[in-house]
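> Structure of the sequence below:
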Amino acid sequence: MEVLPLVALVAGSAAVAGLARRTPVPAPLLLVAAGLLAAYVPGVPSYVLDPHIVLPLLLPPLLHTAGVDSSYLDLRANIRPIGLLSVGYVLFATLAVGYAAYLLVPGLSLPVALVLGAVVAPPDAVAATAIARKLGLPNRMTTILQGESLVNDATAITAYKVALAAAVGVSAGWAGGIAEFLLASVGGVGVGLLLMVPIHQLRKRLREPLLQNTLSLLIPFVAYAAAERVHASGVLAVVVVALYIGHRNWQVDFATRLQEEAVWKVVAFVLESVVFALIGLQLPVVLRGLGEYQGLDAAWYALAVFLAVVVSRFLWVFPATFVPRWMSRRIREREAGTDWKAPVVVGWAGMRGVVSLAIAFSVPMSVPHRDLILFLTFTTVIGTLVVQGLTLPPLIRVLKLPPRDVRAETLAEAQAQSEASRAAEERLAELLEEPANALPPPLADRLRTVLERRRNAVWERLGEVNPVTGESADEVYRRLAREMIAAEREVFVALRDGRRIDDEMLRGLLRRLDLEEAAAYREEST
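Reported below is the predicted structural model:
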(Lines give C-alpha, C1' and ligand atoms only; values in the text may rest on other atoms or scores of the structure.)
Protein backbone atom coordinates (compact mmCIF):
# COMPACT_ATOMS: atom_id res chain seq x y z
CA MET A 1 0.00 0.00 0.00
CA GLU A 2 1.19 3.51 -0.78
CA VAL A 3 2.04 5.85 2.07
CA LEU A 4 -0.63 8.51 1.42
CA PRO A 5 -3.66 6.14 1.58
CA LEU A 6 -2.26 4.61 4.77
CA VAL A 7 -1.80 8.04 6.36
CA ALA A 8 -5.33 9.01 5.27
CA LEU A 9 -6.72 5.82 6.81
CA VAL A 10 -5.03 6.43 10.16
CA ALA A 11 -5.88 10.14 10.24
CA GLY A 12 -9.50 9.61 9.22
CA SER A 13 -9.98 6.75 11.69
CA ALA A 14 -8.50 8.77 14.53
CA ALA A 15 -10.71 11.75 13.71
CA VAL A 16 -13.89 9.63 13.73
CA ALA A 17 -12.84 7.89 16.95
CA GLY A 18 -12.19 11.28 18.54
CA LEU A 19 -15.63 12.45 17.43
CA ALA A 20 -17.19 9.31 18.94
CA ARG A 21 -15.91 10.33 22.36
CA ARG A 22 -18.25 13.33 22.21
CA THR A 23 -21.30 11.21 21.34
CA PRO A 24 -23.17 8.43 23.18
CA VAL A 25 -22.42 6.05 20.28
CA PRO A 26 -19.57 3.60 20.98
CA ALA A 27 -16.54 4.30 18.77
CA PRO A 28 -16.55 0.88 17.01
CA LEU A 29 -20.04 1.51 15.62
CA LEU A 30 -19.27 5.01 14.37
CA LEU A 31 -16.03 3.83 12.76
CA VAL A 32 -17.74 0.97 10.94
CA ALA A 33 -20.46 3.32 9.69
CA ALA A 34 -17.86 5.83 8.54
CA GLY A 35 -15.98 3.07 6.73
CA LEU A 36 -19.15 1.91 4.97
CA LEU A 37 -19.85 5.45 3.77
CA ALA A 38 -16.26 6.19 2.79
CA ALA A 39 -16.05 2.99 0.74
CA TYR A 40 -18.18 4.62 -1.98
CA VAL A 41 -16.77 8.13 -1.83
CA PRO A 42 -15.04 8.94 -5.16
CA GLY A 43 -11.28 8.93 -4.83
CA VAL A 44 -11.12 6.70 -1.74
CA PRO A 45 -8.71 3.84 -2.54
CA SER A 46 -9.61 0.19 -2.11
CA TYR A 47 -8.46 -1.18 1.25
CA VAL A 48 -8.25 -4.97 1.38
CA LEU A 49 -7.76 -6.80 4.68
CA ASP A 50 -4.63 -8.88 4.34
CA PRO A 51 -4.67 -11.75 6.90
CA HIS A 52 -0.87 -11.82 6.77
CA ILE A 53 -0.93 -8.30 8.22
CA VAL A 54 -3.99 -8.38 10.50
CA LEU A 55 -3.25 -11.59 12.38
CA PRO A 56 0.50 -11.25 13.07
CA LEU A 57 0.79 -7.45 13.12
CA LEU A 58 -2.49 -6.00 14.43
CA LEU A 59 -3.86 -8.75 16.66
CA PRO A 60 -0.84 -9.21 19.00
CA PRO A 61 -0.61 -5.58 20.20
CA LEU A 62 -4.39 -5.36 20.67
CA LEU A 63 -4.40 -8.55 22.72
CA HIS A 64 -1.34 -7.40 24.65
CA THR A 65 -2.83 -4.11 25.75
CA ALA A 66 -6.11 -5.82 26.71
CA GLY A 67 -4.22 -8.49 28.66
CA VAL A 68 -2.01 -6.03 30.53
CA ASP A 69 -5.06 -4.00 31.53
CA SER A 70 -6.94 -7.11 32.71
CA SER A 71 -6.87 -8.43 36.26
CA TYR A 72 -5.20 -11.83 36.52
CA LEU A 73 -6.85 -12.39 39.91
CA ASP A 74 -10.33 -11.53 38.60
CA LEU A 75 -9.83 -13.73 35.54
CA ARG A 76 -8.69 -16.61 37.72
CA ALA A 77 -11.71 -16.16 40.00
CA ASN A 78 -14.01 -16.42 36.93
CA ILE A 79 -12.09 -19.12 35.06
CA ARG A 80 -15.13 -21.42 34.75
CA PRO A 81 -17.51 -19.03 32.93
CA ILE A 82 -14.61 -17.63 30.88
CA GLY A 83 -13.54 -21.11 29.82
CA LEU A 84 -17.10 -22.14 28.97
CA LEU A 85 -17.42 -19.10 26.69
CA SER A 86 -13.95 -18.86 25.17
CA VAL A 87 -13.60 -22.57 24.41
CA GLY A 88 -16.95 -24.29 24.84
CA TYR A 89 -19.07 -21.65 23.15
CA VAL A 90 -16.70 -21.13 20.21
CA LEU A 91 -16.69 -24.86 19.43
CA PHE A 92 -20.48 -25.04 19.90
CA ALA A 93 -21.01 -22.02 17.62
CA THR A 94 -18.72 -23.53 15.00
CA LEU A 95 -20.86 -26.66 14.87
CA ALA A 96 -24.25 -24.95 15.27
CA VAL A 97 -23.71 -22.15 12.74
CA GLY A 98 -21.89 -24.47 10.36
CA TYR A 99 -24.67 -27.06 10.41
CA ALA A 100 -27.33 -24.37 9.98
CA ALA A 101 -25.50 -23.01 6.92
CA TYR A 102 -25.15 -26.56 5.56
CA LEU A 103 -28.92 -27.04 5.78
CA LEU A 104 -29.84 -23.62 4.36
CA VAL A 105 -27.39 -23.02 1.48
CA PRO A 106 -27.83 -25.39 -1.48
CA GLY A 107 -24.61 -27.04 -2.60
CA LEU A 108 -22.62 -26.05 0.49
CA SER A 109 -20.75 -29.08 1.82
CA LEU A 110 -20.58 -29.70 5.58
CA PRO A 111 -16.78 -29.18 5.85
CA VAL A 112 -17.03 -25.84 4.04
CA ALA A 113 -20.00 -24.87 6.21
CA LEU A 114 -17.92 -25.66 9.31
CA VAL A 115 -15.20 -23.37 7.96
CA LEU A 116 -17.81 -20.60 7.92
CA GLY A 117 -18.92 -21.58 11.44
CA ALA A 118 -15.38 -21.34 12.80
CA VAL A 119 -14.80 -18.00 11.06
CA VAL A 120 -17.82 -16.29 12.66
CA ALA A 121 -17.63 -18.08 16.02
CA PRO A 122 -15.39 -15.75 18.10
CA PRO A 123 -16.77 -12.46 19.49
CA ASP A 124 -14.37 -9.61 18.94
CA ALA A 125 -11.86 -8.70 21.65
CA VAL A 126 -11.76 -4.99 20.86
CA ALA A 127 -15.52 -4.53 20.47
CA ALA A 128 -16.33 -6.34 23.71
CA THR A 129 -13.80 -4.35 25.72
CA ALA A 130 -14.66 -0.98 24.15
CA ILE A 131 -18.42 -1.32 24.58
CA ALA A 132 -18.23 -2.83 28.08
CA ARG A 133 -15.98 0.06 29.13
CA LYS A 134 -18.33 2.61 27.56
CA LEU A 135 -21.42 1.16 29.24
CA GLY A 136 -19.92 0.72 32.70
CA LEU A 137 -21.10 -2.88 33.12
CA PRO A 138 -20.77 -4.57 36.54
CA ASN A 139 -17.22 -5.69 37.29
CA ARG A 140 -17.81 -9.44 37.09
CA MET A 141 -19.65 -9.20 33.77
CA THR A 142 -16.93 -7.01 32.27
CA THR A 143 -14.27 -9.46 33.49
CA ILE A 144 -16.07 -12.40 31.88
CA LEU A 145 -16.47 -10.62 28.54
CA GLN A 146 -12.84 -9.47 28.54
CA GLY A 147 -11.59 -12.92 29.53
CA GLU A 148 -13.63 -14.56 26.79
CA SER A 149 -12.33 -12.16 24.17
CA LEU A 150 -8.72 -12.77 25.18
CA VAL A 151 -8.83 -16.53 24.55
CA ASN A 152 -11.60 -17.22 22.05
CA ASP A 153 -9.56 -16.18 19.00
CA ALA A 154 -7.13 -19.02 19.68
CA THR A 155 -10.00 -21.53 19.83
CA ALA A 156 -11.57 -20.20 16.64
CA ILE A 157 -8.33 -20.11 14.65
CA THR A 158 -7.57 -23.71 15.64
CA ALA A 159 -11.12 -24.85 14.81
CA TYR A 160 -10.82 -23.05 11.47
CA LYS A 161 -7.58 -24.88 10.63
CA VAL A 162 -9.17 -28.25 11.41
CA ALA A 163 -12.31 -27.46 9.36
CA LEU A 164 -10.24 -26.10 6.48
CA ALA A 165 -8.16 -29.28 6.37
CA ALA A 166 -11.37 -31.27 6.05
CA ALA A 167 -12.70 -28.92 3.36
CA VAL A 168 -9.63 -29.31 1.16
CA GLY A 169 -9.42 -33.06 1.72
CA VAL A 170 -6.30 -33.32 3.88
CA SER A 171 -8.01 -33.95 7.22
CA ALA A 172 -6.48 -36.48 9.59
CA GLY A 173 -9.90 -37.22 11.13
CA TRP A 174 -11.22 -36.43 14.58
CA ALA A 175 -8.10 -37.71 16.29
CA GLY A 176 -5.90 -35.43 14.21
CA GLY A 177 -8.17 -32.48 14.83
CA ILE A 178 -8.11 -33.02 18.60
CA ALA A 179 -4.33 -33.42 18.52
CA GLU A 180 -3.94 -30.17 16.59
CA PHE A 181 -6.24 -28.38 19.03
CA LEU A 182 -4.24 -29.64 22.02
CA LEU A 183 -0.94 -28.70 20.37
CA ALA A 184 -2.16 -25.20 19.68
CA SER A 185 -3.66 -24.60 23.14
CA VAL A 186 -1.14 -26.36 25.37
CA GLY A 187 1.75 -25.23 23.18
CA GLY A 188 0.61 -21.60 23.19
CA VAL A 189 0.27 -21.53 26.97
CA GLY A 190 3.62 -23.31 27.29
CA VAL A 191 5.43 -20.80 25.09
CA GLY A 192 3.88 -17.97 27.11
CA LEU A 193 5.00 -19.56 30.38
CA LEU A 194 8.54 -19.99 29.05
CA LEU A 195 8.80 -16.39 27.87
CA MET A 196 7.03 -14.45 30.60
CA VAL A 197 9.65 -14.65 33.36
CA PRO A 198 12.76 -13.88 31.23
CA ILE A 199 10.95 -11.01 29.50
CA HIS A 200 9.83 -9.51 32.79
CA GLN A 201 13.30 -9.89 34.33
CA LEU A 202 14.73 -8.04 31.33
CA ARG A 203 12.12 -5.30 31.81
CA LYS A 204 13.19 -4.89 35.44
CA ARG A 205 16.88 -4.62 34.57
CA LEU A 206 16.53 -2.06 31.79
CA ARG A 207 16.78 1.30 33.55
CA GLU A 208 16.44 3.47 30.45
CA PRO A 209 12.72 4.15 29.81
CA LEU A 210 13.23 4.49 26.04
CA LEU A 211 14.85 1.06 25.81
CA GLN A 212 12.23 -0.38 28.13
CA ASN A 213 9.40 0.94 25.97
CA THR A 214 11.07 -0.36 22.83
CA LEU A 215 11.10 -3.80 24.47
CA SER A 216 7.47 -3.33 25.51
CA LEU A 217 6.42 -2.73 21.91
CA LEU A 218 8.28 -5.85 20.76
CA ILE A 219 6.95 -8.23 23.43
CA PRO A 220 3.59 -9.17 21.79
CA PHE A 221 5.22 -9.79 18.41
CA VAL A 222 7.98 -11.91 19.94
CA ALA A 223 5.49 -14.03 21.89
CA TYR A 224 3.20 -14.46 18.88
CA ALA A 225 5.99 -15.32 16.44
CA ALA A 226 7.67 -17.76 18.85
CA ALA A 227 4.46 -19.70 19.38
CA GLU A 228 3.49 -19.76 15.71
CA ARG A 229 7.01 -20.98 14.89
CA VAL A 230 6.28 -24.24 16.72
CA HIS A 231 2.70 -24.40 15.35
CA ALA A 232 1.22 -23.37 18.70
CA SER A 233 -1.29 -20.62 19.41
CA GLY A 234 0.33 -17.22 19.18
CA VAL A 235 -2.80 -15.67 20.68
CA LEU A 236 -2.50 -17.68 23.89
CA ALA A 237 1.22 -16.98 24.15
CA VAL A 238 0.59 -13.22 23.90
CA VAL A 239 -2.20 -13.36 26.49
CA VAL A 240 -0.17 -15.38 29.01
CA VAL A 241 2.81 -13.02 28.77
CA ALA A 242 0.57 -9.93 28.93
CA LEU A 243 -1.28 -11.14 32.04
CA TYR A 244 2.00 -11.88 33.82
CA ILE A 245 3.48 -8.50 32.90
CA GLY A 246 0.33 -6.67 33.96
CA HIS A 247 0.20 -8.53 37.27
CA ARG A 248 3.82 -7.60 38.07
CA ASN A 249 3.97 -4.19 36.44
CA TRP A 250 4.59 -2.57 39.83
CA GLN A 251 8.10 -4.03 39.84
CA VAL A 252 9.39 -1.73 37.08
CA ASP A 253 10.38 1.86 37.82
CA PHE A 254 7.84 4.70 37.79
CA ALA A 255 9.30 6.50 34.75
CA THR A 256 8.92 3.38 32.66
CA ARG A 257 5.33 2.86 33.80
CA LEU A 258 4.32 6.44 33.02
CA GLN A 259 5.91 6.41 29.59
CA GLU A 260 4.72 2.90 28.79
CA GLU A 261 1.12 3.74 29.66
CA ALA A 262 1.18 6.76 27.35
CA VAL A 263 2.79 4.80 24.51
CA TRP A 264 0.32 1.93 24.67
CA LYS A 265 -2.68 4.25 24.91
CA VAL A 266 -1.65 5.78 21.60
CA VAL A 267 -0.96 2.40 20.00
CA ALA A 268 -4.28 0.94 21.15
CA PHE A 269 -6.24 4.03 20.09
CA VAL A 270 -4.75 4.06 16.59
CA LEU A 271 -5.05 0.30 16.00
CA GLU A 272 -8.59 0.03 17.34
CA SER A 273 -9.67 2.98 15.20
CA VAL A 274 -8.06 1.59 12.05
CA VAL A 275 -9.39 -1.92 12.62
CA PHE A 276 -13.06 -0.89 12.78
CA ALA A 277 -12.75 1.56 9.89
CA LEU A 278 -11.23 -1.24 7.80
CA ILE A 279 -14.27 -3.43 8.49
CA GLY A 280 -16.58 -0.92 6.85
CA LEU A 281 -14.18 -0.31 3.98
CA GLN A 282 -14.36 -3.98 2.95
CA LEU A 283 -17.89 -3.66 1.51
CA PRO A 284 -16.90 -3.05 -2.15
CA VAL A 285 -14.33 -5.86 -2.02
CA VAL A 286 -16.87 -8.31 -0.63
CA LEU A 287 -19.65 -7.39 -3.06
CA ARG A 288 -17.36 -7.57 -6.11
CA GLY A 289 -16.51 -11.18 -5.38
CA LEU A 290 -20.01 -12.39 -4.53
CA GLY A 291 -20.42 -14.04 -7.92
CA GLU A 292 -23.46 -16.29 -8.38
CA TYR A 293 -25.09 -15.37 -5.07
CA GLN A 294 -27.03 -12.17 -5.65
CA GLY A 295 -30.25 -10.42 -4.63
CA LEU A 296 -32.75 -11.99 -2.28
CA ASP A 297 -30.91 -15.29 -2.02
CA ALA A 298 -27.76 -13.63 -0.68
CA ALA A 299 -29.82 -11.46 1.70
CA TRP A 300 -31.69 -14.50 3.01
CA TYR A 301 -28.50 -16.45 3.62
CA ALA A 302 -26.98 -13.44 5.41
CA LEU A 303 -30.03 -13.04 7.67
CA ALA A 304 -30.12 -16.76 8.42
CA VAL A 305 -26.44 -16.93 9.41
CA PHE A 306 -26.78 -13.78 11.52
CA LEU A 307 -29.76 -15.30 13.38
CA ALA A 308 -27.91 -18.59 13.81
CA VAL A 309 -24.97 -16.73 15.37
CA VAL A 310 -27.23 -14.81 17.77
CA VAL A 311 -29.44 -17.75 18.74
CA SER A 312 -26.54 -20.17 19.22
CA ARG A 313 -24.98 -17.81 21.76
CA PHE A 314 -28.14 -17.73 23.86
CA LEU A 315 -28.52 -21.51 23.53
CA TRP A 316 -25.05 -21.83 25.07
CA VAL A 317 -24.97 -18.97 27.56
CA PHE A 318 -28.10 -19.84 29.57
CA PRO A 319 -27.20 -23.51 30.24
CA ALA A 320 -23.56 -22.54 30.85
CA THR A 321 -24.75 -20.05 33.48
CA PHE A 322 -27.34 -22.13 35.34
CA VAL A 323 -26.45 -25.81 34.90
CA PRO A 324 -23.21 -25.55 36.96
CA ARG A 325 -25.20 -23.73 39.67
CA TRP A 326 -27.79 -26.49 39.76
CA MET A 327 -25.07 -29.13 40.00
CA SER A 328 -22.83 -27.51 42.62
CA ARG A 329 -23.84 -25.99 45.96
CA ARG A 330 -20.42 -24.38 46.21
CA ILE A 331 -20.99 -22.45 42.97
CA ARG A 332 -24.45 -21.35 44.15
CA GLU A 333 -22.95 -19.97 47.34
CA ARG A 334 -20.01 -18.28 45.62
CA GLU A 335 -22.17 -16.71 42.88
CA ALA A 336 -25.22 -15.80 44.95
CA GLY A 337 -27.50 -13.29 43.29
CA THR A 338 -26.98 -14.44 39.69
CA ASP A 339 -30.29 -14.12 37.82
CA TRP A 340 -31.51 -14.23 34.24
CA LYS A 341 -30.41 -10.66 33.46
CA ALA A 342 -26.67 -11.39 33.39
CA PRO A 343 -26.85 -14.15 30.72
CA VAL A 344 -29.19 -11.96 28.64
CA VAL A 345 -26.57 -9.20 28.52
CA VAL A 346 -23.65 -11.61 27.97
CA GLY A 347 -25.65 -13.37 25.25
CA TRP A 348 -26.43 -10.12 23.46
CA ALA A 349 -22.85 -8.81 23.79
CA GLY A 350 -21.42 -11.18 21.18
CA MET A 351 -20.26 -8.66 18.56
CA ARG A 352 -17.98 -10.03 15.85
CA GLY A 353 -15.06 -8.09 14.43
CA VAL A 354 -11.87 -7.91 12.45
CA VAL A 355 -10.49 -11.34 13.42
CA SER A 356 -13.44 -13.06 11.75
CA LEU A 357 -12.92 -11.01 8.58
CA ALA A 358 -9.18 -11.62 8.59
CA ILE A 359 -9.71 -15.37 8.88
CA ALA A 360 -12.30 -15.26 6.09
CA PHE A 361 -9.88 -13.46 3.78
CA SER A 362 -7.28 -16.15 4.54
CA VAL A 363 -9.52 -18.92 3.14
CA PRO A 364 -7.67 -20.28 0.08
CA MET A 365 -9.09 -19.44 -3.34
CA SER A 366 -9.39 -23.19 -4.05
CA VAL A 367 -12.04 -23.67 -1.33
CA PRO A 368 -15.53 -23.93 -2.85
CA HIS A 369 -17.90 -21.04 -2.11
CA ARG A 370 -15.08 -18.88 -0.72
CA ASP A 371 -16.79 -15.70 -1.91
CA LEU A 372 -19.98 -16.66 -0.11
CA ILE A 373 -18.04 -17.34 3.10
CA LEU A 374 -16.48 -13.89 2.85
CA PHE A 375 -19.85 -12.23 2.19
CA LEU A 376 -21.63 -14.01 5.06
CA THR A 377 -18.78 -13.21 7.43
CA PHE A 378 -18.94 -9.54 6.47
CA THR A 379 -22.70 -9.30 6.92
CA THR A 380 -22.50 -11.12 10.25
CA VAL A 381 -19.79 -8.77 11.52
CA ILE A 382 -21.71 -5.69 10.41
CA GLY A 383 -24.99 -7.10 11.70
CA THR A 384 -23.71 -7.89 15.17
CA LEU A 385 -21.83 -4.61 15.51
CA VAL A 386 -24.75 -2.48 14.39
CA VAL A 387 -27.78 -4.38 15.70
CA GLN A 388 -26.33 -5.64 18.98
CA GLY A 389 -23.99 -2.71 19.50
CA LEU A 390 -26.77 -0.12 19.11
CA THR A 391 -29.34 -2.01 21.19
CA LEU A 392 -27.05 -3.13 24.02
CA PRO A 393 -27.11 0.22 25.90
CA PRO A 394 -30.96 0.47 25.95
CA LEU A 395 -31.17 -3.22 26.86
CA ILE A 396 -28.96 -2.61 29.89
CA ARG A 397 -31.08 0.38 30.89
CA VAL A 398 -34.30 -1.63 30.57
CA LEU A 399 -32.90 -4.53 32.62
CA LYS A 400 -31.71 -2.07 35.31
CA LEU A 401 -28.52 -3.92 36.06
CA PRO A 402 -26.94 -2.91 39.37
CA PRO A 403 -24.34 -0.23 38.64
CA ARG A 404 -20.83 -0.31 39.99
CA ASP A 405 -20.79 0.66 43.67
CA VAL A 406 -18.57 3.73 43.30
CA ARG A 407 -18.86 4.63 46.99
CA ALA A 408 -17.77 1.15 48.09
CA GLU A 409 -14.85 1.24 45.66
CA THR A 410 -13.80 4.68 46.92
CA LEU A 411 -14.06 3.48 50.54
CA ALA A 412 -11.84 0.47 49.77
CA GLU A 413 -9.35 2.78 48.03
CA ALA A 414 -9.33 5.14 51.01
CA GLN A 415 -8.71 2.31 53.45
CA ALA A 416 -5.88 0.96 51.29
CA GLN A 417 -4.33 4.44 51.05
CA SER A 418 -4.63 4.86 54.82
CA GLU A 419 -2.74 1.63 55.49
CA ALA A 420 -0.06 2.53 52.93
CA SER A 421 0.34 6.04 54.40
CA ARG A 422 0.73 4.63 57.89
CA ALA A 423 3.53 2.34 56.65
CA ALA A 424 5.17 5.30 54.88
CA GLU A 425 5.01 7.44 58.05
CA GLU A 426 6.70 4.69 60.05
CA ARG A 427 9.40 4.31 57.41
CA LEU A 428 9.97 8.09 57.29
CA ALA A 429 10.36 8.21 61.08
CA GLU A 430 12.96 5.41 60.91
CA LEU A 431 14.90 7.17 58.15
CA LEU A 432 14.94 10.56 59.87
CA GLU A 433 16.54 9.00 62.96
CA GLU A 434 19.67 8.19 60.92
CA PRO A 435 22.32 10.94 60.76
CA ALA A 436 22.80 10.36 57.04
CA ASN A 437 19.18 11.38 56.42
CA ALA A 438 19.14 14.60 58.48
CA LEU A 439 16.79 17.20 57.02
CA PRO A 440 15.90 20.74 58.08
CA PRO A 441 12.50 20.71 59.86
CA PRO A 442 10.68 22.53 57.01
CA LEU A 443 11.69 19.85 54.49
CA ALA A 444 10.79 17.01 56.84
CA ASP A 445 7.42 18.66 57.43
CA ARG A 446 6.96 18.95 53.68
CA LEU A 447 7.37 15.18 53.30
CA ARG A 448 4.77 14.64 56.02
CA THR A 449 2.41 17.18 54.41
CA VAL A 450 2.59 15.46 51.03
CA LEU A 451 1.86 12.13 52.67
CA GLU A 452 -1.05 13.57 54.65
CA ARG A 453 -2.45 15.16 51.49
CA ARG A 454 -2.32 11.86 49.63
CA ARG A 455 -4.10 10.07 52.48
CA ASN A 456 -6.86 12.68 52.84
CA ALA A 457 -7.52 13.08 49.12
CA VAL A 458 -9.42 9.79 48.79
CA TRP A 459 -11.46 10.33 51.97
CA GLU A 460 -12.44 13.78 50.73
CA ARG A 461 -14.13 12.20 47.72
CA LEU A 462 -16.57 10.57 50.16
CA GLY A 463 -17.42 13.89 51.78
CA GLU A 464 -19.86 16.64 50.87
CA VAL A 465 -19.70 18.26 47.47
CA ASN A 466 -19.36 21.95 46.64
CA PRO A 467 -22.94 23.32 46.44
CA VAL A 468 -22.00 25.60 43.53
CA THR A 469 -19.93 23.33 41.28
CA GLY A 470 -20.88 19.86 42.55
CA GLU A 471 -17.18 19.02 43.04
CA SER A 472 -15.68 17.24 46.02
CA ALA A 473 -13.04 18.99 48.11
CA ASP A 474 -10.37 16.88 46.39
CA GLU A 475 -11.60 17.94 42.94
CA VAL A 476 -11.61 21.61 43.95
CA TYR A 477 -8.06 21.23 45.30
CA ARG A 478 -6.81 19.69 42.07
CA ARG A 479 -8.52 22.34 39.94
CA LEU A 480 -7.00 25.18 41.94
CA ALA A 481 -3.58 23.52 41.85
CA ARG A 482 -3.78 23.34 38.06
CA GLU A 483 -4.78 27.01 37.85
CA MET A 484 -1.75 27.98 39.96
CA ILE A 485 0.56 25.87 37.80
CA ALA A 486 -0.92 27.41 34.64
CA ALA A 487 -0.12 30.88 35.99
CA GLU A 488 3.48 29.82 36.62
CA ARG A 489 3.73 28.33 33.15
CA GLU A 490 2.60 31.59 31.52
CA VAL A 491 5.25 33.52 33.44
CA PHE A 492 8.02 31.14 32.36
CA VAL A 493 6.97 31.45 28.71
CA ALA A 494 6.86 35.24 28.99
CA LEU A 495 10.36 35.23 30.46
CA ARG A 496 11.58 33.09 27.55
CA ASP A 497 9.90 35.39 25.03
CA GLY A 498 11.59 38.35 26.76
CA ARG A 499 15.02 36.62 26.36
CA ARG A 500 15.49 36.48 30.15
CA ILE A 501 15.77 32.65 30.04
CA ASP A 502 16.59 30.39 27.11
CA ASP A 503 14.58 27.51 25.64
CA GLU A 504 16.63 24.82 27.37
CA MET A 505 15.89 26.33 30.77
CA LEU A 506 12.23 26.74 29.80
CA ARG A 507 11.93 23.05 28.93
CA GLY A 508 13.39 22.05 32.31
CA LEU A 509 11.05 24.38 34.21
CA LEU A 510 8.00 23.23 32.23
CA ARG A 511 8.85 19.57 32.80
CA ARG A 512 8.99 20.21 36.54
CA LEU A 513 5.58 21.85 36.39
CA ASP A 514 4.21 19.00 34.27
CA LEU A 515 5.28 16.46 36.91
CA GLU A 516 3.73 18.56 39.67
CA GLU A 517 0.50 18.87 37.69
CA ALA A 518 0.43 15.12 37.12
CA ALA A 519 0.80 14.58 40.87
CA ALA A 520 -1.87 17.16 41.69
CA TYR A 521 -4.39 16.04 39.11
CA ARG A 522 -4.80 12.33 38.44
CA GLU A 523 -6.35 11.70 35.08
CA GLU A 524 -9.01 9.10 35.77
CA SER A 525 -10.64 8.79 32.36
CA THR A 526 -9.45 6.15 29.93
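> residue contacts, residue 150?
By CB atoms under 8 Å, 6 or more residues apart in numbering, residue 150 lies in contact with 63, 66, 67, 70, 75, 86, 125, 239. (Glycine included, C-beta is placed from N, CA and C.)
> Can you tell me the SS state at it?
Under DSSP: H, G, I helix; E, B strand; the rest coil, residue 150 falls in the helix class.
> if we can go back for a sec, make TSV out of the contacts of residue 150 and add distance to residue 257, secondary structure and neighbour count.
What follows is these, written out as TSV (distance: CB to CB, whole Å; DSSP: H, G, I helix; E, B strand; the rest coil; neighbours: other CB atoms under 10 Å):
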residue	distance to residue 257	secondary structure	neighbour count
63	20	helix	29
66	18	helix	23
67	16	helix	25
70	17	coil	22
75	21	helix	20
86	29	helix	22
125	24	helix	27
239	21	helix	29
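> quick one: which of these is nearest residue 323?
Nearest to residue 323, judged by CB to CB, of the contacts of residue 150 is residue 86 at 17.4 Å.
> Near residue 218, how many other residues are there?
11 (other CB atoms under 10 Å).
> Point me to the helix or strand that includes it.
Using DSSP states H and E, residue 218 sits within helix 209-229.
> Can you tell me which member of the contacts of residue 150 has the lowest pLDDT score?
Lowest in pLDDT among the contacts of residue 150 is residue 125, which has 63.
> Quick check: most distant residue from the centroid of this protein.
Relative to the C-alpha centroid of the chain, counting by CA atoms, centre = their mean, residue 435 is the outermost residue, at 50.2 Å.
> Next, the buried residues of the helix holding residue 218.
209, 212-213, 215-216, 219-224, 226-228 (16 or more other CB atoms under 10 Å).
> Can you add distance to residue 43 and pLDDT and give these back as CSV?
Converted to CSV, the buried residues of helix 209-229 look like this (distance: CB to CB, whole Å; pLDDT from 0 to 100):
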residue, distance to residue 43, pLDDT
209, 42, 81
212, 42, 88
213, 37, 88
215, 41, 93
216, 38, 93
219, 39, 96
220, 35, 96
221, 34, 96
222, 39, 96
223, 40, 96
224, 36, 96
226, 42, 96
227, 41, 95
228, 38, 93
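> now residue 364: how far from residue 166?
In this view, residue 364 and residue 166 are 13 Å apart by CB to CB, to the nearest Å.
> Tell me which of those two has more neighbours.
Neighbours around residue 364 and residue 166, counted as other CB under 10 Å, are more numerous at residue 166. The numbers are 20 against 9.
> That one contacts residue 113, doesn't it?
No - in this structure residue 166 lies outside contact range of residue 113 using CB atoms under 8 Å: 10.6 Å.
> which SS class is residue 49?
Residue 49 ends up coil, using three-state DSSP.
> residues near the residue nearest to it when sequence neighbours are not counted, how many?
Once flanking residues are discounted, residue 49 sits nearest to residue 361: 5.1 Å by CB to CB, 6 or more residues apart in numbering. By the measure other CB under 10 Å, the count of residues near residue 361 is 23.
> shouldn't residue 361 be in contact with residue 52?
No - judged on CB under 8 Å, residue 361 makes no contact with residue 52 at a distance of 9.4 Å.
> now the helices: where do they sit in the stretch 351-500 of the chain?
In the stretch 351-500 of the chain, the segments counted as helices under DSSP state H, counting those that start in this stretch are 354-361, 370-383, 389-399, 406-432, 441-460, 473-497.
> hey, which of the ones you listed is tucked in deepest?
Comparing the helices of the stretch 351-500 of the chain by mean neighbour count (mean count of other CB atoms under 10 Å), helix 354-361 ranks first with a mean of 26.
> Can you check what angle separates it from helix 370-383?
170 degrees (axes from the mean of the first three to the mean of the last three CA atoms, to 10 degrees).
> Show residues contacting helix 354-361.
Under the criterion CB under 8 Å, 6+ apart, residues 48-51, 54-55, 58-59, 118-122, 124-126, 153, 156-157, 160, 275-276, 278-279, 282, 373-374, 377-378, 380-381 lie in contact with helix 354-361.
> Among these, filter down to the buried ones and hand me the PyMOL syntax, if you would.
Remark: buried members of the contacts of helix 354-361, expressed as a PyMOL selection using 16+ other CB under 10 Å:
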select buried, resi 49+54+55+58+59+118+119+120+121+122+124+125+126+153+156+157+160+275+276+278+279+282+373+374+377+378+380+381
